[in-house]
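Engineer: Turn this into a structure:
(2 chains)
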Number of protein chains: 2
Amino acid sequence: MTARTLIALDVMGGDRAPDIVVNGAHIARERFPDVDFLMVGDEAKIRPLLDRLPGLAKVSQILHTDQAVRSDEKPSVALRSGRKSSMRLALDAVSKGDAAAAVSAGNTGALMAMAKLSLRMLPGIDRPAIASFFPTQRGESVMLDLGANVTCDADNLVQFALLGDVFARTVLGLVAPSIGILNVGEEEMKGREEVREAAIRLRRTHLAPRLHGFVEGDDIPKGTVDVIVADGFTGNIALKTAEGTSRLVGHFLKESIQSNLLAKIGYLFLRPALTQFRSRIDPRRYNGAVFLGLGGIAVKSHGGTDALGFANAIGVAVDMTINGFIEKLRAELEQVQSVLAQTGDDAVAE
Amino acid sequence: MTARTLIALDVMGGDRAPDIVVNGAHIARERFPDVDFLMVGDEAKIRPLLDRLPGLAKVSQILHTDQAVRSDEKPSVALRSGRKSSMRLALDAVSKGDAAAAVSAGNTGALMAMAKLSLRMLPGIDRPAIASFFPTQRGESVMLDLGANVTCDADNLVQFALLGDVFARTVLGLVAPSIGILNVGEEEMKGREEVREAAIRLRRTHLAPRLHGFVEGDDIPKGTVDVIVADGFTGNIALKTAEGTSRLVGHFLKESIQSNLLAKIGYLFLRPALTQFRSRIDPRRYNGAVFLGLGGIAVKSHGGTDALGFANAIGVAVDMTINGFIEKLRAELEQVQSVLAQTGDDAVAE
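Structural biologist: Have a look, this model is predicted:
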């Protein structure tokens, strides 16, 4: 395959932009030699960075703008006044078909609002969801929504299951991902109404054979299922709790190792193994949350990440592009449209 | 202080009852020499266990019943048919004033339903909450609700803040606990309506000076605040996600240590430090979820715990009793009653 892929980068987004964005692209280029970059942002700032990286400069073009969305800007304000911002122009490059995907480490709310406007929703999906994958005892799983929607109804949750399923198949390469809905118990009668209703509806779709049912919080790190469906409030809190707990345990471990001389000696022997251990829970490895349900690919990098983390976010965008995520999702949504419409009718008839 | 405290134990509740209950009491007795036990359950099973522990037998009395609530019993069924169950009689001993607190490792839903009926709600509290404490980077924090209420309104959240505050003061011994409401962002405009409304109302109470505002999932293990307020759905999922993540990181650590010979040698030096590390995240140490908002003390032990875990649940019940949790809470609720009524009126007027 020699077709080249163009990825649009919001070079001005993120706490340490533009450096981490350009350096992240530099790292990503090693991994993906067939990728070109559209660097959207202030040329006066981007050019000197590219001058030091001639290999990257060769596969990069700059789309100049001196406007950028601030990290604390309200999404509504960013939408109105940011039409020429680096974030918006990167997304517009995707909607116009110039670029295959956009990656930004900027303001999440603004990126979501702009992505909805620029890329539009796919038919059959009412609201976009934020998805990401993360390490588990069995490998990697996908969870969504991670914060786009603080409240969700059963329809939203059913749609998130469809989105997560296609994402797991195209990006994690799973043939038949198992799906679970996050709840406070495994029994059918447990939990919130919308969660119970979503389970009932999903049992009537093509996902039924792979629907595990309800999963609990500890099933997330266990890897009980490949796709975890949640409303954005619960999903966001679960994800951040997991990240924080992982850091806490690492902190306790460090304190214990430093507690006595014997342990410090042992640490010297253990260092290579602990480096491997740390890399398994390195949040940079799982950087790159994806907005699903839109007509194009938009990846959100963590705002505080470094170049390696940003390179991984680019990696997610490239994987989705190469594996034809949007095309697969469109085809699938057309197929299920009739099924979903039916379940909708059933639900009304009940 | 030589006054003796009587704790009622549901000896038949839990996966490994009655053994872990009696053995747990045996461990607790060492720590709390001034505590007596009311062992509620099947005398034919309890007596042989006590015969092997004469020290414990001396401070124990048996309240015989051959009925027990099954672990899979529906709360409504348990309520109707379990009036003579060990769980119910243990709670009734508290409501009658015979015992100071009840501890059970049985069916959570049944225990909650029975506790509400037997111990009644305190005036000013609409719904009980499940609370527990857990390790953080700064020490220990309290979170509630952990699953009693899958949906909550702003009133419930405000009441949970009051309950959690008194709990943190009496059990963790904090003079002025800081309070946070679990949300998806720290900004005032973020999150669900009931969460934002609860923050506004709490700013009008005596807790205002100690209200940190919103906290996110990673603030739980960080220990950003002493008391975390959440609805039972979110709180339950956050707690279980933290427990599961802690196990996952431990699992990764073990795999890394076993990955090569050098690391195994290092482990020998590190063993004492790692034992200390493990004890810091040992879930048995934080066993004992408390039902708050009731007119008496009811502690729920994890159903799958061992004797050491059950002893810790007894410890929570003893701490609450000795530190006069119910009396403090009653007094506080009377004081805030007028404040809460006012905020209620304000809210209507708005």
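
Engineer: Could you verify my assumption that A:Tyr267 touches B:Tyr267?
Structural biologist: No. Using Cβ atoms under 8 Å, A:Tyr267 makes no contact with B:Tyr267, being 10.4 Å away. The way it works is simple: take the backbone N, C-alpha and C, and place the C-beta from them, glycine included.

Engineer: What is the neighbour count of the closest residue to A:Arg271 other than its chain neighbours?
Structural biologist: For A:Arg271, ignoring the flanking residues on the chain, the nearest one in space by Cβ to Cβ, 6 or more residues apart in numbering or on different chains is B:Gly266 at 7.9 Å. Burial of B:Gly266 is recorded as 23 neighbouring residues (other Cβ atoms under 10 Å in any protein chain shown).

Engineer: do the same with A:Thr241
Structural biologist: With other Cβ under 10 Å as criterion, A:Thr241 counts 28.

Engineer: What residues of the host helix or strand of it count as buried?
Structural biologist: Following DSSP states H and E, one finds A:Thr241 within helix A:232-257. Using 16 or more other Cβ atoms under 10 Å in any protein chain shown as the test for burial, helix A:232-257 gives A:232-250, A:252-253, A:256-257.

Engineer: Then stretch A:58-78?
Structural biologist: A:59-60, A:62-63, A:65, A:67-69, A:73, A:75, A:78.

Engineer: Greatest separation within these: which pair is it?
Structural biologist: Greatest spacing in the buried residues of stretch A:58-78, by Cβ to Cβ: A:Val59 and A:Pro75 (32.2 Å).

Engineer: Show the subsequent helix or strand relative to the helix holding A:Thr241.
Structural biologist: helix A:261-280.

Engineer: tilt between that next one and helix A:232-257?
Structural biologist: 150 degrees (axes from the mean of the first three to the mean of the last three Cα atoms, to 10 degrees).

Engineer: residues contacting the residue lying closest to A:Phe214 once chain neighbours are set aside?
Structural biologist: Spatially, and ignoring its direct neighbours in sequence, A:Phe214 is nearest to A:Asn183 (3.9 Å; Cβ to Cβ, 6+ apart). By Cβ atoms under 8 Å, 6 or more residues apart in numbering or on different chains, the residues touching A:Asn183 are A:190-192, A:195, A:214-216.

Engineer: do you know how far the residue nearest to the spatial centre of chain A is from chain B?
Structural biologist: Residue closest to the average C-alpha location in chain A (Cα atoms, centre = their mean): A:Ala289, at 1.8 Å. Separation of A:Ala289 from chain B (Cβ to the nearest Cβ, to the nearest Å): 13 Å.

Engineer: give me the number of residues near the closest residue to A:Leu308 other than its chain neighbours?
Structural biologist: Distances taken as Cβ to Cβ, 6+ apart put A:Arg284 closest to A:Leu308, at 5.1 Å, once the chain neighbours are dropped. The local packing of A:Arg284 (other Cβ under 10 Å) involves 18 other residues.

Engineer: Check A:Ala17 too.
Structural biologist: Number of residues near A:Ala17 (other Cβ under 10 Å) recorded here: 24.

Engineer: Quick check: it vs A:Ala57, distance?
Structural biologist: 18 Å (Cβ to Cβ, to the nearest Å).

Engineer: Relative to B:Ala101, how far out is A:Leu49?
Structural biologist: Taking Cβ to Cβ, one finds A:Leu49 at 65 Å from B:Ala101.

Engineer: Looking at the two, which one has more neighbours?
Structural biologist: The neighbour comparison of A:Leu49 against B:Ala101 (other Cβ under 10 Å) goes to B:Ala101, with 28 against 19.
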